[in-house]
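Asks: return a 3D structure for these sequence lines:
(2 chains)
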Amino acid sequence: MAGKDKKEKDLRFAKFGTVSFTATTKVNDFIDHLEKGQVTGTKCNKCGMVFFPPRADCYQCLSSDMSWFPVSGTGKLVTYSQLMYAPVGFNEDLPYAIAVLDYGDYKVFGRIGNVPLTEVQIGMELKTEVNKLPNGQLNYVFNRP
Amino acid sequence: MGRVAIIGVGQSAFSRGYPGSIRELCFEAYKEAMTDAKAQNKDIGASVICSSPEYDKQRSPAGVMAEYLGLTPQPTFYAETLCSSSSTGLKLAYSLVKSGLHQSVLVLGFQKMSEISSAESQERMGRGADIQWESPFGTMMPAYYAMYARAYLTHYGVTEEDLALIRVKAATYGPLNEKAGFKKAVDLQTCLSADPVASPLKVYDCCANADGASCFIVANEQVVKDLGIAKPIWVLGVGAASAPVNMAGRDLFTGLKVAQLASQEAYKMAGVSAKQINVAEVHDCFTIAEMMAYENLGFAEPGQGKELIRAKATYKEGHIPVNVDGGLLSKGHPIGATGGSQIRTIVLQLRGEAGPMQVKDPQIGLVHNIGGVGLYGNVSILGR
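Replies: Residues are numbered from 1 along each chain as shown, chains lettered A, B, ... in the order given. This next block holds a predicted model:
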């Protein structure tokens, strides 16, 4: 019997995005937060450095003592692009737009949600929301507040 | 501590579907560079092999290539910075020669992209970014550069037509380059009416995958003398920089910070300014990339790159000819081979041996070679 006495692997990150390319990370709790409807980053408890995407380790003070914080409020749209052609594994999602939101202390890279592309403008305020994909996977998208 | 020269250059034709193995592809560029330098394998102190993984199955290609090229038992190293791997090879080779560790170092870049499909290739290239936090959203190189294009066009009021003018220039020179993979003329209307790939970039804003190899030999003054090199081209400056891989870590979307930093370092090392560059090869993987390069290299002020292309200042007869070998847009972009191909073009230009692509009497040339989406920046300055 395989694995009975082995420690079970924490593969939660495999749930991130249409296709995830890694399953294990020290910030796997990010997935639990998504399940609960929250997008989160990390903040260094020692020096206060704020990270999105979340990190387990602070490159500024070398501490690995981190707290989670929710990505809340709105960010300004920095830029975006709509894809008409997708890499292997993402064809079903087409067309979709990737974008960057600026929250001031940090930026967030993700997809544009239900805002029609004709209404999308650089500089507009958008919020980051958890999104459940048709294949059961989780990601987050940018929507109107 | 003497000067460091490039004494031989070579390149395979860039093509779709090379009918041979990666080692045979490499041999084509190697043979040309060795013949050019009139060198024998005993004249080479070490080799740096450059490519980007997962297009072919070979792991650790350095040893495989060194053996096939007859460069064993000399030491061989592998260099990888995605699309700028062979410019990184130049910086490493320069360091090895300048330090006195080796008298001569051969740099060979290659990529055989046709072993996988175009969609698979996009997936691989997308993974040349942040696979944990970005790839799961379905990223690919055209879309990343398209984000820069969207920000740039919006911020500076530049048009998609301005970008298309860059492709028209590239298509002007493709037919003059016997090694280019794409020699068809492309007019402005064709560019503008082409299918979108990732808005605002359309099909002709994007370079194409290719198979190819490039090679150059870096040596000290003693070797230049011993081999009787008639026209050594001196390495005057080698600048390089890196940036946060995740777009969320970037603070500039209207230019590439790595190109700004690498060029500043290279200019300082060479003791020259942007105004003294007579001919340049820039990394035009997408039209927007060339537009931003004009500004990041100091050929134009931020937002003014469009004036250079509108006035044809970057054509062969202009005051700063750029990519008059057709660039990546006309040559094709075999990742690991691209930097070496750009270096070859500038070496030929400075020697006065660029044939129909030759610009008038250049003294100083520049190579701008970017890895990933502005993840790695490399700027090299060469002189007669």
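Asks: in chain A, which residue sits nearest chain B?
Replies: A:Gly17 (2.0 Å; C-beta to the nearest C-beta). No exception for glycine: its C-beta is placed from N, CA and C like everyone else's.
Asks: got a list of what that residue touches?
Replies: A:133, A:137-139, B:135-138 (C-beta atoms under 8 Å, 6 or more residues apart in numbering or on different chains).
Asks: do B:Ser330 as well
Replies: Neighbours of B:Ser330 in contact, by C-beta under 8 Å, 6+ apart: B:170-171, B:173-174, B:177, B:180-183.
Asks: now B:Leu101
Replies: B:Leu101 neighbours (C-beta under 8 Å, 6+ apart): B:Ala46.
Asks: on that earlier part again, would you reformat the contacts of A:Gly17 as a markdown table and include secondary structure, pLDDT and distance to B:Pro19?
Replies: A markdown table is the format used below for the contacts of A:Gly17 (DSSP: H, G, I helix; E, B strand; the rest coil; pLDDT from 0 to 100; distance: C-beta to C-beta, whole Å):
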| residue | secondary structure | pLDDT | distance to B:Pro19 |
| --- | --- | --- | --- |
| A:Leu133 | coil | 95 | 42 |
| A:Gln137 | coil | 97 | 41 |
| A:Leu138 | strand | 98 | 45 |
| A:Asn139 | strand | 97 | 42 |
| B:Ser135 | helix | 94 | 32 |
| B:Pro136 | helix | 96 | 37 |
| B:Phe137 | helix | 96 | 37 |
| B:Gly138 | coil | 94 | 33 |
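Asks: leaving out chain neighbours, which residue sits closest to the residue of chain A closest to chain B?
Replies: Nearest non-adjacent residue to A:Gly17, counting by C-beta to C-beta, 6 or more residues apart in numbering or on different chains: B:Pro136, 2.0 Å away.
Asks: can you report how many residues neighbour that neighbour?
Replies: The tally of other residues near B:Pro136 (other C-beta atoms under 10 Å in any protein chain shown) stands at 26.
Asks: can you tell me the closest non-neighbouring residue to A:Lys26?
Replies: That would be A:Ala56: by C-beta to C-beta, 6+ apart, it lies 3.7 Å from A:Lys26.
Asks: what about the one you found, how many neighbours?
Replies: Neighbour tally, A:Ala56, other C-beta under 10 Å: 13.
Asks: now do B:Ile22
Replies: Neighbourhood size, B:Ile22 [other C-beta under 10 Å]: 24.
Asks: that one and B:Leu108 touch, don't they?
Replies: No - the criterion here is C-beta atoms under 8 Å, and B:Ile22 misses it with B:Leu108 at 10.9 Å.
Asks: rewinding a little: contact partners for the residue nearest to A:Gly17?
Replies: Contacts of B:Pro136 by C-beta under 8 Å, 6+ apart are A:16-21, A:137, A:139.
Asks: low-confidence ranges in chain A?
Replies: Residue ranges of chain A with pLDDT under 70: A:1-6.
Asks: does chain B have contacts with the longest strand along chain A?
Replies: Taking DSSP state E as the criterion, chain A has its longest strand at strand A:74-83. Yes - applying C-beta under 8 Å from any C-beta of the partner chain, one finds strand A:74-83 touching chain B at A:78-83.
Asks: what about whichever residue of the stretch 101-250 of chain B sits closest to chain A, distance to B:Val322?
Replies: When scored by C-beta to the nearest C-beta, the stretch 101-250 of chain B has B:Pro136 as its residue closest to chain A, at 2.0 Å. B:Pro136 is 37 Å from B:Val322, where distance means C-beta to C-beta, to the nearest Å.
Asks: quick check, B:Gly237 in a helix?
Replies: No - counting by DSSP: H, G, I helix; E, B strand; the rest coil, B:Gly237 falls outside a helix, being strand.
Asks: okay, now it: neighbour count?
Replies: 22.
Asks: so it touches B:Ala262, yeah?
Replies: No - applying C-beta under 8 Å, one finds B:Gly237 not in contact with B:Ala262, separated by 9.7 Å.
Asks: which neighbours do these two share?
Replies: Going by C-beta under 8 Å, 6+ apart, residues that sit against B:Gly237 and also against B:Ala262 are B:Val379.
Asks: re the thing from before, mind listing the shared neighbours of B:Ile22 and B:Leu108?
Replies: Shared contacts of B:Ile22 and B:Leu108, counting by C-beta under 8 Å, 6+ apart, come down to B:Met65.
Asks: what's next to stretch B:30-42, contact-wise?
Replies: Stretch B:30-42 has contacts (C-beta under 8 Å, 6+ apart) with B:7-12, B:43, B:69-71, B:104, B:106, B:108, B:213, B:215-217, B:227-229.
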